[in-house]
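Asker: requesting a structural model of the entry that follows:
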Amino acid sequence: MGTISRSLPFERGSTMSDGQYTPSDGQFAHLRGRLFAVPDVLHKGAEDVILRAVQNNSGGALTVSKRCVSFSTGGMIEWGSKIDGIAGTGGEICKPIDDYYYGRLSTILANDIFYVVDEGLCDILSTADSSLEAAHVPVQMIGNGKIGAAKDKDIVIGTSREVAATTATSVAVCVAVNPGISEIGTSR
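Answerer: The predicted model follows:
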């Protein structure tokens, strides 16, 4: 894990451009992939939440949701610093969009810098058939950026801290996100 700063380059719940203009691809390159520690004000956890600044490299505006995004595979320079969009299929190496955005921002512009949770507590949507009927279960991204119980040899992104309120529909589940980025999976 790299150096973790306590000084955010832009407020949590906003983006680097703050929606004032459309950034270009090379702007803010010095921030991509950097880690920042902030107090856990949403979940009141005892530990800080570690945020990773990433660039929206999806080619368009990204809708803010309690989902996971996959990392760009454009080369080693982009690894861990650019995202391709909402993670699509199970087994992708991903991190959840910082749940602090939810209700504060609706979209993240193309090429803008925003935060994902690299480590700590974060609410992530479950799949409708997630099988998260018990707390403290390892979870993975199943599809469409949503999580479910991990199976053998799956890319575990964290551990559920609560039971899914229902397994009939997608619901937000608090997850303790594992630190760092796994180096194995279908997107690497």
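Asker: select the longest strand from this protein.
Answerer: Taking DSSP state E as the criterion, the chain has its longest strand at strand 113-125.
Asker: buried residues in that one, which are they?
Answerer: 113-125 (16 or more other C-beta atoms under 10 Å). Where you see a C-beta, it was placed from the backbone N, CA and C, and this is true even at glycine.
Asker: now, which of those residues sits nearest Leu62?
Answerer: Phe114 (8.0 Å; C-beta to C-beta).
Asker: and the closest one, how far from Trp79?
Answerer: 17 Å (C-beta to C-beta, to the nearest Å).
Asker: helices of this structure, start to end?
Answerer: Here the chain has no helices by DSSP state H.
Asker: can you map out the strands along it?
Answerer: Remark: strands assigned in the chain by DSSP E are 4-5, 35-38, 49-56, 62-63, 68-71, 82-86, 94-96, 107-108, 113-125, 138-143, 146-149, 158-160, 172-177.
Asker: where in the chain is pLDDT low?
Answerer: For the chain, the stretches flagged by pLDDT under 70 are 1-2, 73-77, 130, 152-153, 167-168, 182-188.
Asker: centre-most residue in it?
Answerer: Nearest to the mean C-alpha position of the chain, by C-alpha atoms, centre = their mean, lies Pro96 at 1.9 Å.
Asker: looking at the strands of the chain, which is closest to Ser14?
Answerer: strand 113-125 (8.3 Å).
Asker: that closest one - contacts with which helices or strands?
Answerer: strand 49-56, strand 94-96, strand 146-149, strand 172-177 (3 or more C-beta pairs under 8 Å, 6 or more residues apart in numbering; DSSP states H and E).
Asker: helices or strands next to the third one in the packing?
Answerer: Strand 146-149 makes packing contacts with strand 113-125, strand 138-143 when contacts are defined by 3+ C-beta pairs under 8 Å, 6+ apart.
Asker: go on, the last one?
Answerer: When contacts are defined as 3+ C-beta pairs under 8 Å, 6+ apart, strand 172-177 sits against strand 94-96, strand 113-125, strand 158-160.
Asker: columns distance to Gly145 on top of those, output as a markdown table?
Answerer: Below are the helices and strands packed on strand 172-177 laid out as a markdown table (distance: least, C-beta to C-beta, whole Å):
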| stretch | distance to Gly145 |
| --- | --- |
| strand 94-96 | 7 |
| strand 113-125 | 7 |
| strand 158-160 | 14 |
